[in-house]
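Undergrad: Generate a structure from the sequence data that follows.
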Amino acid sequence: MTREVWPGKPYPRGATFDGSGVNFAVFSQVATRVEVCLFDPRDPSKEIERFDLPVSTEYTWHGYVPALEPGTLYGFRVHGPYEPHKGHRCNPYKLLVDPYAKALHGEVDWSQPVFGYTLGHEKQDLMRDERDSAPGMPKCVVVSDFFDWGNDRAPDVPWRKTVIYEAHVKGLTMRHPKVPEHLRGTYAGLAHPAVIEHLTKLGVTSVELLPVHEYVDDSFLSDKGLSNYWGYNTLAFFAPEQKYASRKAPGTVVNEFKAMVKALHAAGIEVLLDVVYNHTCEGNHMGPTLSLKGIDNASYYWLMPDARYYLDFTGCGNSVNAANQNASRLIIDSLRYWVQEMHVDGFRFDLATVLGRQGKGEFSPNAAFFQIISQDPVLSRVKLIAEPWDVGLGGYQVGNFPSPWREWNGKYRDAMRRYWKGDENLAGEVGHRLTGSSDMFQSARRRPQASINFITAHDGFTLHDLVTYSHKHNEANGEFNRDGADDNQAWNCGAEGETQDANIVSLRERQKRNLLSSLFLSLGVPMIVAGDEMGRTQGGNNNAYCQDNELSWVDWNLDERRQALLDFTSRLIHFRDTQPVLQRRRFFQGEHIWDSEHKDLTWFRPDGTEMSSEDWQKPFVRSLAFLLGGDAIPSPDERGQRIIGDALLVLLNAHHEAVSFTVPPPTEGKRWVIQLYTASDELGPDAPVPPGRFELIGRSMAVFRQVSTDD
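TA: Next up, the predicted model:
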């Protein structure tokens, strides 16, 4: 049949169903012709129709097809120059994924000719391959945006109240006994009442999902029987990953994702996405031609002066050039889509430094991409979190991102790990990290909540493994234990791996409580990793990116020890939620505020005297105490009223021996009670503090709360 194709419109880009037909639009500055290919939904490898997009308006090719419906499978073929030395890699023999596709169906088949060049040829990527890649390519799906959101509302959790829970859609639910088997590992499984009940009881406010954009499993992993489990290998920035759908019909994944968001919102939980806009799955000049590379390679990627090669700030072969207006538009349009159509509440940007590179590739906090977001009426109001580093020159930019961005604070992670394993010369560093990292954020007039504090993340040891292994054990990854970080600031507490030694086990459990307590008593935004609250282990693997199995999945079968850790973590989170002094929106001044009983922050030596500048410089200082004035909070509440909370006294002893602390006297009419003591559950909460001195055993901490003597 001859398909009727009208001129259509150059916007919106992608395939848009309007109730009567579909408008196609795709940008390419170098294309001389763009074809749309339609495929048989019963046999997606079979092409059933092909037509040209008839009009190009300012480099956007477009056309409208009446009577075309949702569920249609399609892809693009882009005609144009194949001149790698000039940065152009158009090849109409390669079916391409629409960068704006809202759903995909099928996976990349590496046995098919998905590379744009002739494999094995002596000139490699300079010779165009003319075999059809369509049988080995996923197909784009036309979807309808209709979904009954009902009375869905964004939880809109303020940053000072935010507790982030980093989770993998599949890993969180695959072993949950209360989630039906057919829903495990899916969006619907994550939305199951049993999972939501766990999250609400724990007290987290925001679930941060590891990448859910459609991604590709690398061929070298497939050859070893492994997969790209984490998903940091994006193919389509608009399409939710189909592997996590409980139903496999084309396009149904979109509504399942929306239903998950709606269910989490109903429980008051935000949904944040870990997004990978810094690179794509197309790799370097030897990588496959799957989408952007074949559409307009020179516009979308950073290229070297010899444009055959890519500038790689990511370590993944290529870098998306957000300094280019059309690459930037693709990212911004994707972000808006996920907020407006999918109702997500924010994003954590993988290797975000890449997005701030401009000119010759140097980073700038004033980069165009950041300015666009800060001026956008939609995106400037959602949660924006940067992983503030990449692998390029000048890539470590912690503390240098502009407002309203928040940043993963790698310095916080390293300082707290080193402190609790007993390293020296850390007093000043720990002081800064516990109190919001003012040394990094205050000079730019940013707030304590600019710091996303964490002890562990998906990348690295779990909390349990951090205190169980001193060295990585990544043999299962098939790279002879060469992958993953060597410097983990981990300590096994006396034995490498699991042990039955009661003393070592006891110390490890105490160290977990110390690290978690430090996290939730610090100024800033705390983040934990799914399963850390239950002692999840990866057997010492600190780079489980390719382990889609029980090594990575959360184990919900809790013994007494793991249940105790879960209970402790929940108490910590709920305690933080009740304490205004832990949610301050301004940095400490070390002064009395208003007519406060205490200074907002006072540091003490174990003998009860205030710390001097000389004390902070002593290399052997491992025991510290600080008092937070609950009535010395300068910022008013939402109604403009003064905030008054409890005064808290925190004692920390990272020394291996017990240290006796002199307890500062409470104010008149008040007394100290124990809120928590990481060495014992028997003391607290609300047990009275013995007068005068309190002995803190080696590697432990305690928190005292000031209450009225009438309480």
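
Undergrad: Give me the helices and strands touching the lowest-mean-pLDDT helix or strand in the chain, please.
TA: Least confident helix or strand, the chain: strand 687-688 with a mean of 88, by mean pLDDT, DSSP states H and E. When contacts are defined as 3 or more C-beta pairs under 8 Å, 6 or more residues apart in numbering; DSSP states H and E, strand 687-688 sits against strand 670-677. No exception for glycine: its C-beta is placed from N, CA and C like everyone else's.

Undergrad: tell me the mean pLDDT over the strand it packs on?
TA: The average pLDDT within strand 670-677 is 94.

Undergrad: Parallel or antiparallel, list what pairs with that strand.
TA: Its sheet considered, strand 670-677 pairs with strand 687-688 (antiparallel), strand 700-708 (antiparallel) by DSSP bridges.

Undergrad: Moving C-terminal from the shortest one, which element do we reach first?
TA: The reference is to strand 687-688. strand 693-696 (DSSP states H and E).

Undergrad: residue contacts, the residue nearest to the spatial centre of the chain?
TA: By C-alpha atoms, centre = their mean, the chain has its centre lying nearest to residue 274, at 3.9 Å. Residue 274 makes contacts with 166, 208-211, 347-348, 350, as judged by C-beta atoms under 8 Å, 6 or more residues apart in numbering.

Undergrad: With residue 104 instead?
TA: Going by C-beta under 8 Å, 6+ apart, the list of residues near residue 104 reads 97, 138-141, 214, 235-236, 239, 242.

Undergrad: wait, doesn't residue 171 sit right on residue 551?
TA: No: assessed by C-beta atoms under 8 Å, residue 171 is found out of contact with residue 551, at 9.8 Å.

Undergrad: rewinding a little: show me the contacts of residue 274 that map onto strands.
TA: 166, 208-209, 347-348 (DSSP state E).

Undergrad: Tell me the one of the residues you listed nearest residue 468?
TA: Nearest to residue 468 among the ones in strands among the contacts of residue 274 is residue 166, at 20.1 Å by C-beta to C-beta.

Undergrad: how many neighbours does residue 511 have?
TA: By other C-beta atoms under 10 Å, the residues close to residue 511 number 23.

Undergrad: Which of the three states applies to it?
TA: The three-state assignment at residue 511 reads helix, by DSSP: H, G, I helix; E, B strand; the rest coil.

Undergrad: Then the one 5 residues further on?
TA: Using three-state DSSP, the structure places residue 516 in helix.

Undergrad: List the contacts of it.
TA: With contact set as C-beta under 8 Å, 6+ apart, residue 516 has these partners: 455, 463, 528, 532, 568-569, 572.

Undergrad: Farthest-apart pair in these, please.
TA: Every pair of those checked by C-beta to C-beta; the farthest is 455 and 568, at 14.5 Å.

Undergrad: any idea how far residue 670 is from residue 582?
TA: 19 Å (C-beta to C-beta, to the nearest Å).

Undergrad: now swap in residue 125 and tell me
TA: 55 Å.

Undergrad: which of residue 171 and residue 551 has more neighbours?
TA: Applying other C-beta under 10 Å to residue 171 and residue 551 shows that residue 171 carries more neighbours, namely 25 against 15.

Undergrad: and of the ones in strands among the contacts of residue 274, the nearest to residue 615?
TA: Taking the ones in strands among the contacts of residue 274 together and measuring to residue 615 by C-beta to C-beta, the closest member is residue 166, at 35.9 Å.

Undergrad: which ones are touching the closest one?
TA: Residue 166 makes contacts with 208, 210, 274, 457-458, 527-530, as judged by C-beta under 8 Å, 6+ apart.

Undergrad: hmm, 10 Å instead?
TA: By C-beta atoms under 10 Å, 6 or more residues apart in numbering, residue 166 lies in contact with 204, 206-210, 272, 274, 348, 454, 456-458, 527-532.

Undergrad: and if you look at residue 416?
TA: 426, 429-430, 433-434, 453-455, 489, 514-515, 518-519, 522, 654.

Undergrad: And the furthest pair within these?
TA: The span of the contacts of residue 416, defined through C-beta to C-beta, is set by 454 and 654 at 18.8 Å.

Undergrad: higher neighbour count, the two?
TA: Neighbour tally, residue 454 and residue 654, criterion other C-beta under 10 Å: the higher count belongs to residue 654, 26 against 23.

Undergrad: Please name the residues that touch the more buried one.
TA: Residue 654 touches 416, 418-424, 426, 430, 511, 514, 518, 621-624, 698-701, counting by C-beta under 10 Å, 6+ apart.

Undergrad: ok, it to residue 423 distance?
TA: 8 Å.

Undergrad: next one: residue 355
TA: Counting by C-beta to C-beta, the gap from residue 355 to residue 423 is 34 Å.

Undergrad: between these two, who's got more neighbours?
TA: residue 355 (29 against 17).

Undergrad: count of neighbours near the nearest residue to that one once chain neighbours are set aside?
TA: What sits nearest to residue 355 in space, not counting adjacent residues and going by C-beta to C-beta, 6 or more residues apart in numbering, is residue 322, at 4.5 Å. Counted by other C-beta under 10 Å, the residues lying close to residue 322 total 27.

Undergrad: so where do the helices sit in the stretch 501-650 of the chain?
TA: In the stretch 501-650 of the chain, helices defined by DSSP state H, counting those that start in this stretch lie at 502-520, 560-578, 613-617, listed in chain order.

Undergrad: Kind regards, and thank you for your time.
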